[in-house]
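# model the structure of this input:
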Amino acid sequence: MGNICRSPTAEGVFRTKIEAAGLDAQVKIDSAGTHAYHVGEPPDGRAQKAALNRGFDLSAQRARRVSSDDFEAFDYVIAMDRDNENSLLSICPTGLEDRVHLFLNFASSANTTEVPDPYYGGGNGFNIVLDLVEDAADGFIDYLRTNHSL
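This next block holds a predicted model:
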């Protein structure tokens with residue numbers, strides 16, 4: 001929503017895994033929120049700390065709001081939950097709706113379809129987000145390799 005917890009965590013994890021896979025020259029990665037609550041701000045300190053504990057650096061990221069141009073610039077526009085998926089679909093240009101996906105649809109072991117928002121919860125929520133996002137990132141890389149010959 002605000003681009004300071006889940007989506008920058010997903011961006012940081014996915015970027016690191018894409019680089020490790022040697023695919024960074026072929027895959028463009030960015031994150032954005034569906035709301036303008038925190039535009040220009042860095043990721044939540046709790047998200048940064050949890051991510052850094054696992055080797056993912058989020059410190060260079062700054063929140064921005066998604067725009068309709070993103071649907072032209074990216075082949076995949078990934079949502080963390082159904083509310084954000086619906087927000088994305090509401091601004092998506094006609095004919096590009098198939099670019100919108102729930103991130104956890106790529107996960108292999110998640111027993112949910114939505115990444116929970118850890119903002120108002122305790123510190124463990126950020127670790128849960130990381131568990132889910134790491135699984136989905138690995139699955140998305142496998143999907144990209146299979147479906148795009150990477």
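# so what's the gap between the helix or strand where residue 51 lies and the chain middle?
According to DSSP states H and E, residue 51 maps onto helix 45-53. Relative to its chain's centre, helix 45-53 lies at 15 Å (C-alpha atoms, centre = their mean, to the nearest Å).
# mind listing residues that contact the helix or strand just after that helix?
As assigned by DSSP H and E, the chain's next helix or strand after helix 45-53 is helix 70-73. Contact partners of helix 70-73, identified using C-beta atoms under 8 Å, 6 or more residues apart in numbering, comprise 28, 30, 32, 77, 92, 93, 96, 99. Bear in mind the C-beta positions are built from the backbone N, C-alpha and C, glycine included.
# tell me the bridge partners for the fourth one.
In this entry, residue 77 is beta-bridged to residue 100, by DSSP bridges.
# give me every residue that touches it.
66, 70, 71, 88, 92, 99, 100, 101.
# which helices and strands does the lengthiest helix in the chain pack with?
Counting by DSSP state H, the longest helix found in the chain is helix 124-148. Under the contact criterion of 3 or more C-beta pairs under 8 Å, 6 or more residues apart in numbering; DSSP states H and E, helix 124-148 touches helix 6-20, helix 45-53.
# what's the closest of the ones you listed to residue 38?
helix 6-20 (10.0 Å; C-beta to C-beta).
# any idea of the mean pLDDT in the closest one?
Average pLDDT, helix 6-20: 98.
# neighbouring contacts of it?
For helix 6-20, the surrounding residues in contact (C-beta under 8 Å, 6+ apart) are 24, 27, 29-33, 43, 47, 50-51, 55-58, 61, 63, 78, 80, 103, 115, 117-118, 126, 129-130, 133-134, 136-138, 140-141.
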